[in-house]
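**Student:** Could you look at this predicted model? Sequence included:
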Amino acid sequence: MAKVDITDNISILEGVEVTIDKNLIKVKGPKGELSRKIFTPGIKVEVKDKEVIFSVKKAAKKEKMIMKTTEAHLKNMMKGTTEEYEYTLKICSGHFPMTVSLDNGEVVVKNFLGESVPRKKKMQEGVDIQIKGNDITVKSVDKEKAGQVAASIESLTRITNRDRRRFQDGIFITSKAGKKI
């Protein structure tokens, strides 16, 4: 397969400021600020006239993959700084009344399936968690942090060696970043 020159342009969203310093991309927007280290061997990344320009001379398959991955991360960062990523979880307790609370950055689940010892999980910083009744909302400008926190909360109530059709107690993700599941 022949190697070719590739150039991709990504337009910067309105109200967002992107700076690139060696291997660090910084994105600043109305909702917050994100930074990410990138590793782009052979790929030139620069900001010009409200656009981020990715260019590769003699690109092989590996360089194309790295470039497209970096572009996707940049798009997610720009979207996150303009509108936060939001995950919604539902608390379901059919057998025992379970209580979920926040305590110093830690999610605590009490009385899950009648257990006397509460289940606890420390959450990442930079994520806003709200518990209202049977709904949990996780918000963050960083898509990866919001998704990881939602998955961590869901894994707190994971059941093994039981029939999932019968024991449907737990905390489940109902929408990811605005999309219903």
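**Tutor:** Yep, that arrived.
**Student:** any weak-confidence spans in this structure?
**Tutor:** 1-2, 178 (pLDDT under 70).
**Student:** Just the strands from it, written as ranges.
**Tutor:** Assigned by DSSP state E, the chain shows strands spanning 4-11, 17-21, 24-28, 33-37, 43-48, 51-59, 85-92, 99-103, 106-110, 119-122, 128-132, 135-140, 170-176, 179-180.
**Student:** list the buried ones in the longest one?
**Tutor:** Buried residues in strand 51-59, counted by 16 or more other Cβ atoms under 10 Å: 52, 54, 56, 59. Any C-beta I mention is one placed from the backbone N, CA and C, and that applies to glycine too.
**Student:** related to what we said a few turns ago, could you dump the strands of the chain to a markdown table with distance to E154?
**Tutor:** Formatted as a markdown table, those follow (distance: least, Cβ to Cβ, whole Å):
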| stretch | distance to E154 |
| --- | --- |
| strand 4-11 | 32 |
| strand 17-21 | 33 |
| strand 24-28 | 28 |
| strand 33-37 | 24 |
| strand 43-48 | 35 |
| strand 51-59 | 34 |
| strand 85-92 | 7 |
| strand 99-103 | 12 |
| strand 106-110 | 11 |
| strand 119-122 | 10 |
| strand 128-132 | 13 |
| strand 135-140 | 10 |
| strand 170-176 | 6 |
| strand 179-180 | 16 |
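**Student:** Which among those is found nearest to T157?
**Tutor:** When these are compared by Cβ to Cβ, strand 170-176 sits nearest T157, at 3.8 Å.
**Student:** in its sheet, what does that closest one sit against?
**Tutor:** strand 85-92 (antiparallel), strand 179-180 (antiparallel) (DSSP bridges).
**Student:** so what's K57 up against?
**Tutor:** 5, 42 (Cβ atoms under 8 Å, 6 or more residues apart in numbering).
**Student:** got the buried residues for the longest helix seen in the chain?
**Tutor:** The single longest helix within the chain, with elements called by DSSP state H, is helix 61-82. Residues of helix 61-82 classed as buried by neighbour count (16+ other Cβ under 10 Å): 63, 66-67, 70-71, 73-74, 76-82.
**Student:** And this structure, split by domain according to the record?
**Tutor:** 4-82, 85-180 (automatic domain parsing).
**Student:** gap between the longest one and the chain center?
**Tutor:** From the chain centre to the centre of domain 85-180 is a distance of 15 Å (Cα atoms, centre = their mean, to the nearest Å).
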